[in-house]
Structure formats: C-alpha cells, structure tokens
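A.B. asks: Using only what follows, build the 3D model:
(chains A and B)
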Protein chains: 2
Amino acid sequence: MMAMAALKTTAPSAVMDILKELSEKRGEEVTAWMESRAMESGAPFYSSVDVRHAGYKLAPVDTNLFPAGFNQLSGAARSRAATRIKKRLMRYNEVSRVLVIPENHTRNVGYIDNLTALLSILREAGCEVELGSLAATDAPIEVVNSASETLREMPLARHGSLLKTGTGFCPQLILLNNDLTSGLPDVLRGVSQPIVPRPSQGWHRRRKSIHFEAYDKLAREFATAFAIDPWLITTEFHKCGRVNFGERQGLECVAMGVEKVLHRIRAHYERYGITSEPYVYVKSDSGTYGMGIMTVKSGDEMLEINKKIRNKMNVIKEGVQSTEVIIQEGVPTVDVVENAPAEPMMYLVDGHAVGGAYRVNAERDAENNLNATGMRFVGMCDEAEPHDDHAQRALPPCQFGALGLIAELASISAQREEYGESYSI
Amino acid sequence: MMAMAALKTTAPSAVMDILKELSEKRGEEVTAWMESRAMESGAPFYSSVDVRHAGYKLAPVDTNLFPAGFNQLSGAARSRAATRIKKRLMRYNEVSRVLVIPENHTRNVGYIDNLTALLSILREAGCEVELGSLAATDAPIEVVNSASETLREMPLARHGSLLKTGTGFCPQLILLNNDLTSGLPDVLRGVSQPIVPRPSQGWHRRRKSIHFEAYDKLAREFATAFAIDPWLITTEFHKCGRVNFGERQGLECVAMGVEKVLHRIRAHYERYGITSEPYVYVKSDSGTYGMGIMTVKSGDEMLEINKKIRNKMNVIKEGVQSTEVIIQEGVPTVDVVENAPAEPMMYLVDGHAVGGAYRVNAERDAENNLNATGMRFVGMCDEAEPHDDHAQRALPPCQFGALGLIAELASISAQREEYGESYSI
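C.D. replies: Prediction:
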C-alpha cells in the first residue's frame, strides 16, 4: 500500500504539484484509467466544467451539459473539438446531418456568437448543420451575431416519428444546446432520431446533488487508485429538499446543512493548517444562470437573510421556483487574470478536454461566484497556441493537463448520474 | 394511432413479411431509432446472438458477450467486423495495442480457430495484438489451430496497476474472450487499462433473466414505436431462484413456472390459430455451454424427471452449481439447412450486425436446443458475398436485415442489463 499523497504545504501550487507529480510518475496508468472509465459509461457529447482552484485543492463546482461559450475557445481548441466530434460520430452509421436546437433567448449576442462557433466546429467535423428553434412557429427566426452575420433558426415539423425542419432537412442527430429547463417539448417526444444529450439530462430533471454524488464516487475511485487525498479534488456538500425562500419555508434545514458542511470543511482545514475562514455556496439544486447563488459563512447568516436576498434566491430561469437546494463547500479561487479573480472553464467533447477559458470578474472577490454581472472571458494558455503575451497579460501558468483531468472526471460522472448505485463495474 | 401489425397467416414467412414491410415503409425511422438507442446506452464491444425463427415469430434466445465462432464468418463479414472495431477504437485516444484473454480450455481446435480469426480481425482493424492467458504461469502456452499454426498465449504480469504480458507488451485495451464463469481473477482486479466487456458482464454475475427483462423492455419500445405485436419479437419467460436438481429442491417452483409460461404461450397461439403444442426451455439463469437445457411440455414432466436428467441439469461449466433457473418460451425453428434443423447465430460489433452463420444439428429436431453434440456451422447468405451454391445447398433465403435487426436489439439490451429500472430516457 502506497502512502497517500497529501498536501505538504498550503502554497498556491500545492495541489498542482501533486497532480503534476502523478502525471510524471504514473501518467500511463492515469491515461489508461480514464479511458477505462470513459469506455464503461460513455461520456457526454459535449460539456463545460467550471473548476475552482484554491491552491490547496482543485475541484469542479458546476458541470454543464448544454455548454455555451464555444466562441471563447482558441482556434486550436475548436479544431480539437471538431476532431473529437468527428470521431464520435464516425462510430455510428455515417451520421453527418446534425440539427442544433438552441436556447430561446435569441437576443443575447454572446450566445449567438456561441452558436456561430458551434456550427463552425460541427462543419469542420464534416457535418451538414441547421439550427432548429423550439420558439419558431411558421417562419424562421433570424438572429445576428457580433460580426453582424445572420443565423436562421428554422421551425420544426414532425413527419411521423421523424423530426425535420421547415426546409425539409432531416437530421440524423439532434444536438440540444437548450437545457430543457421547462421540460421536454412535445415536438421532441417520441422522435426516432438520436437526441444528445439525452433528454433526461435536461435541467427539468437533472440535479446538481446527483451530479456531485456521481462525481464524488468517481473521484474517490481515482484518489484510491492513485493514492491521493480525495478532498484535494472534491467538495463537501449537502442537500435540502422543499425550500421556498420567498415564503421562508425550509430555511432551518438549509441553516443546519450549512453548519454541517462548514463543520466538515473545518476538519480538513485543521488537518492542513489552512487558516482562512471556511464558507459555503447555497444554490438551487436544479440549473440556474448564475442566479440564486449565495455565499454563506454560518447557519445563522442563512436564517437572517433579508427579503431582497430571498427574492434573489427565488428567481430561477424561466420562472421555475427553487424548491431544492444544495449547500456546497466554497472553494476560494487562487487564479488571477489581470489582477481580477478568475476561474477556469473547461470545454470537453466526448469526455476529453479540448480547450478552456477563464471567467474573470473584477467586481467580485476570490470567494464569490464569478458567473455574475461584470464577468468577461479570457483565453486559456494552450500548448498548441502559446500566448506570446502570457506574462504581460498576467495570466495564470499553463495548467491545462491538471484542469483537463479534473474536468474529464466531472464530465464522465455526468454520464453516470442516472444509474446511481446500480452503476458498478 | 396506427393499427398494430399482427400476423395475417402462420405461414413460414409471416413475421419476415411484417419486418420486410416495416423496413420498406419506415426504414429511415427504424435506422434512426436504432442509432438513438445505441447512442443512449452504448453497445457491447462484440456479441453473438442466437436467434430462433418460427415463421410466426423471430426472437433472440441467447446473447453471448464473449463470442466464439469468428472463424464461421465470411471474409466480407470479417472485414465489416474490422471496420466496426476500428471505428469504435478511434473514438478513444489512439487505442491500438489490444490484449485478448481467451478461455482456458486450450485443446478445442474450433475455439483456437475462433481466436485465430479474432486476432486477424483485430489486426485488420489496425491493432497490435497479443494473447494473454489466465492459465499460463511462467511460460507461454502454445496452442495449434486447424491450419496447424501455433498461437502463443502469454503469461500475465502486473506492474503497479498496469497489466502487461511476459514479453513486456503493455496493452491499451484488454478484450475478454473468457466469460469469467469462475469470477474475476486477481490479476485483473484494479487494472488501470479498460477491460471490455465490463468484468461485471461476466457469467459469474450476469443473469439471462435480467438480459431478457432488458430485451423485453427495449423490444416493447420498438414494437410500440413501429406498431407491431411485441410477441412477434419476444419470448415469454419466468425465473426461479434456488433450484438444486441433484437434491430435488425447488422443482415445484420450476413446475409452476413451466405451467405459467405455457399458459401465456397458449393465449398467443389461440390468438393466431397456431396449432402446434407449446413448450418451454428450462435452463440455468447463468451461462452454460449448451449443457443443462431441457425441453419441457408440462409442469408434471418437470416433477417426474429422472436422476440422469437431474444430473445433466446440475452439470454447469467449471463445476458451478445451478441454483437459479429460467423458464423460457420454446421457439421451434422453421429454418432448415441441408434437411437438418438450423438456427441463425448473428455476430455483432459495437451493436451492429456484421455477419452470421447457421448452427445446424441433424441429430436434433426443430424444437430442440441445437447447441449440442452433432452441431456444425454453415455460412449465412451475405449480400457482399453471394453464395452461388445457395439453392443447391438448400440454405434459407437471405434474411440478414431482419435477423440483424432483432440481434441488434438484443445486443443493445445486453449493455442495459445493469441499469435495470433506473435506465430511462
């Protein structure tokens, strides 16, 4: 039995040093292990993973199966994405006609730039693509990206069990870039063509707590196989059902959950001599757009929140009310881009990291959720496209390998969420 | 709502006519639907499916995840297998070094011919391959095929979590052609490299009843989507736990199960005016080598079986005792090859049918299990390699499409066995 690798210092490079050493000494085993897990369960078609790096730990805090932001990726990252998509589709019977179903908030130029990039990646992968809108009824919806190009989102029509667009385009694959917060629309029910991600992975059914349970299980297997302390790559969390912030119902459960998670974090902090004050995030267990996330340092704080905050916690995308809550260990970010706190967002195709970007927010601090007003994106160091201005722009060092590894664990876990305990090799 | 397609006659071509019509009228939908299910759950690396065709129905009766008999496949079928393997492996990180772990009964020339064919298919797929034996200790085991070629099965060794062979060959993929009846050997425990099929799919854990539950669910979804009577592609079955034929324990449960299944078959026979006498197979719920399978026509018959038959039912591969039993609807085969009863065996890679062969047994009749003394294999009609001697040799007509469809449903189901009820889209 090998000794478990634990932090030796709490320096900003502590966990990166451990992961770097693992990669140098047992890289072949790590690669084989990851392939093995990907082959077992498969991996999501695409995903983005928000990772937080605290120096003493590196852990995913959100895994998105309907990623936006492909426009943030470098040219090299986009090419890697195209190659992965091509390989994934090649496995099936010459699937090349792909219909992309986007979100319905069509005026967000950033999102339309994402669609532009995604379509271009799919075309580079050899696909014939169309956009199909759940909102368009008779006529196509035209949207304009930041380069003033017009994208047409076509209305959808059913022909028996086949989904086609108004142009008669009959896709062989339906790629959702719409997270189904409002549920699976009728036009997609009973469709013969494959839909990825699986409709059951939409935010109308998916729960963060189930994701983090699946991640925790896989990350602990990884930590056991490679003799590292699992806390270095996971977060403590707790779930509360039936919370209504507006009506002040269920806040006691949240307050107790906050204390429970803080208690566990304190034990880890003591082990490692980490002196900062622990905190947690309280957020909806279903998907959000960065809305309704609180940073909390005690259970009492939770009971004392005022009406303004309670209303903020009740505002969930498309009016769905928050009823389940996850309390997750807060990971203060050590990454800084141009003097502002930053967090890495990794992009994956078929479970493999293809690129990344930093979410930067000068209006927030290292403890906050950065997915909020004031955020912007800065390209991540990329072996295939070195940044000449790296030092000048004060970007974090190139850590794509370690960030990619953690993101890949999170992405594969997302594919395992549904199977729960029945998933065992 | 479309009317459900049901048998119009009980002619030998009845179910084939329905499937042919479906393929002609809704072929594009069928292809899309199958791709959709394969993308949802993935499919086994390889498999063989024993199908029985009774004229009035076409259903799988056994799905093998560790197929032998690749030597029975035509050249065109082997090339299709190689292409599928190449596509499947391409999806991962340049996996090309493959270790094949065969069964331990090394003197069976037919099985060694199978290994020879499998290695040649893998090489055609671009793989570097070695055989690694679970039985070899220090020195390689040499086995000889029917062409007098020698195959070397190398001893295995662990280097940390990596599995290598005595030659230092470090595979990127471990392909089991050993069905793990005796359980997962220590040398394969905690191995980093991917192992396919998943070790949990070995016969030490797999159960036929769970396979047929998964098949039943998927086949009923198919039948609903395409408006055909599900009984035309499924079998009735029932499971009994804790049966010891040697000690006459649990036979009452089996007898009652036999009556229950016969009762259900009679109702179907009445619906369709099928006049033959219904029967069932009683077999171990775990894997066998064609041993321990009884053909039974009443519950009483089960209670009256003599010692000789009881002993035969107790002989399971490698001495594992039969404790769980499945009672499955008997499907009399309508297929005849050179005047002897025959049943189609379909071979699949990654969930796609690549070829087939007929198992022929002149010592048995149309109701019997043909996997017994006297069996031989005859190549199946193959669009890419037409048999000029087709008519002369009295082979069944070319039914690759319909046989492949049913086998693909069975193969995809096999990948879904573990998830049980939690598997839902």
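
A.B. asks: where are the low-confidence patches of chain A?
C.D. replies: Residues of chain A meeting the criterion pLDDT under 70: A:1-2, A:106, A:288-291, A:314-322, A:383-394, A:420-425.

A.B. asks: Break it into its domains for me.
C.D. replies: A:14-67+A:207-419, A:70-201 (automatic domain parsing).

A.B. asks: Go through those domains and name the closest to B:Val280.
C.D. replies: Between B:Val280 and the domains of chain A, the tightest spacing by Cβ to Cβ is seen for domain A:14-67+A:207-419, at 32.6 Å. (Each C-beta comes from the backbone N, C-alpha and C, glycine too.)

A.B. asks: got the residues of the stretch 51-200 of chain A near chain B?
C.D. replies: Within the stretch 51-200 of chain A, the positions lying close to chain B (Cβ under 8 Å from any Cβ of the partner chain) are A:87-88, A:90-93, A:95, A:160-162, A:170, A:172-173, A:190-196, A:198-200.

A.B. asks: hey, where'd the strands end up in the stretch 101-250 of chain A?
C.D. replies: Under the criterion DSSP state E, counting those that start in this stretch, the stretch 101-250 of chain A contains strands at A:128-132, A:141-144, A:150-154, A:156-159, A:162-165, A:173-176, A:195-196, A:237-240.

A.B. asks: In helices only, show me the residues of the stretch 51-200 of chain A next to chain B.
C.D. replies: A:Lys87, A:Arg88, A:Met90 (DSSP state H).

A.B. asks: Mind putting those into JSON lines with distance to A:Pro341?
C.D. replies: Shown next, in JSON lines, are those (distance: Cβ to Cβ, whole Å):
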{"residue": "A:Lys87", "distance to A:Pro341": "36"}
{"residue": "A:Arg88", "distance to A:Pro341": "35"}
{"residue": "A:Met90", "distance to A:Pro341": "41"}
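
A.B. asks: neighbour-wise, which of these leads?
C.D. replies: Highest neighbour count within these: A:Arg88, with 24 neighbours (other Cβ atoms under 10 Å in any protein chain shown).

A.B. asks: wouldn't A:Glu408 be in contact with A:Asp350 here?
C.D. replies: No. At 10.2 Å, A:Glu408 does not count as touching A:Asp350 under the criterion of Cβ atoms under 8 Å.

A.B. asks: what's the overlap in contacts for the two?
C.D. replies: By the contact definition Cβ atoms under 8 Å, 6 or more residues apart in numbering or on different chains, A:Glu408 and A:Asp350 are jointly contacted by A:Ala38.

A.B. asks: residues contacting the residue nearest to A:Phe45 when sequence neighbours are not counted?
C.D. replies: The spatially closest residue to A:Phe45, leaving aside those adjacent along the chain, is A:Val196, at 4.2 Å (Cβ to Cβ, 6 or more residues apart in numbering or on different chains). By Cβ under 8 Å, 6+ apart, the contact set of A:Val196 is A:Pro44, A:Phe45, A:Leu173, A:Ile174, A:Leu175, A:Leu176, B:Met39.

A.B. asks: repeat that for 7 Å
C.D. replies: A:Val196 makes contacts with A:Phe45, A:Leu173, A:Leu175, A:Leu176, B:Met39, as judged by Cβ atoms under 7 Å, 6 or more residues apart in numbering or on different chains.

A.B. asks: same thing with A:His352?
C.D. replies: By Cβ under 7 Å, 6+ apart, A:His352 lies in contact with A:Arg84, A:Glu408.

A.B. asks: quick one on the thing from earlier: could the contacts of A:Val196 be laid out in TSV, adding neighbour count?
C.D. replies: Putting the contacts of A:Val196 into TSV (neighbours: other Cβ atoms under 10 Å in any protein chain shown) gives the following:
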residue	neighbour count
A:Phe45	27
A:Leu173	25
A:Leu175	24
A:Leu176	24
B:Met39	23
